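# Have a look; sequence and predicted model below, questions after that.
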Amino acid sequence: MTISVRYEPVKDLEFMTEVLGVNRSKMLRELIDEGRKMKSIELYKQGKVSLGLGAKIAKLTLSEYIDILKEYNVPINLDVDDAKKALQYARTVF
């Protein structure tokens, strides 16, 4: 079985920068930031990370992360351990 992958990073990046009218560095930063957010949401939905760790992966504050989860209609599963971890993470950030 052969699978054709349509992924050419340089061409894809050139296309996106041209279409969106931004430079390559900005486009890469935006893609990485968005990828971090989406990956953290996926991990949170699977129960693999807590709110605090999800926020850390996404490089967001806890409040921002909760807002993103709401935006994507992801139920927030908060138990006592999660609340403690989230509070501990918040204390290290602020």
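That came through, no problem.
# Quick check: which ranges of the protein have low pLDDT?
1-6, 82, 93-94 (pLDDT under 70).
# Quick check: buried residues in the helix ranked longest in it?
Counting by DSSP state H, the longest helix found in the chain is helix 24-45. Residues Met27, Lys37, Ser40, Ile41, Leu43, Tyr44 are the ones in helix 24-45 that count as buried (16 or more other C-beta atoms under 10 Å). In short, each C-beta sits where N, CA and C put it, glycine included.
# of those, closest to Glu8?
For the buried residues of helix 24-45, the minimum distance to Glu8 (C-beta to C-beta) is 15.0 Å, reached by Met27.
# Quick one: residues contacting the closest one.
By C-beta atoms under 8 Å, 6 or more residues apart in numbering, the residues touching Met27 are Leu13, Met16, Thr17, Leu20.
# Can you pull up the most central residue in the protein?
For the chain, the residue nearest the mean C-alpha position is Lys37 (0.9 Å; C-alpha atoms, centre = their mean).
# Chain neighbours aside, what residue packs nearest to it?
Ala58 (4.6 Å; C-beta to C-beta, 6 or more residues apart in numbering).
# So Lys37 versus Leu43, what's the distance?
Distance of Lys37 to Leu43, computed by C-beta to C-beta, to the nearest Å: 11 Å.
# Separate out the buried members of the contacts of Met27.
Thr17.
# Enumerate every residue touching the residue nearest to Lys37.
Under the criterion of C-beta under 8 Å, 6+ apart, the neighbours of Ala58 are Arg36, Lys37, Ser40, Ile41, Tyr65, Ile68.
# 10 Å - rerun?
Ala58 is in contact with 33-41, 43-44, 49, 64-65, 68-69, counting by C-beta atoms under 10 Å, 6 or more residues apart in numbering.
# Quick check: buried residues in stretch 64-74?
Tyr65, Ile66, Ile68, Leu69.
# how deep is Ala83 tucked in, by neighbour count?
The tally of other residues near Ala83 (other C-beta atoms under 10 Å) stands at 13.
# From Leu62, how far off is it?
In terms of C-beta to C-beta, Ala83 sits 10 Å off from Leu62.
# where do the helices sit along the chain?
Under DSSP H, the chain gives helices at 9-20, 24-45, 51-58, 62-71, 80-93.
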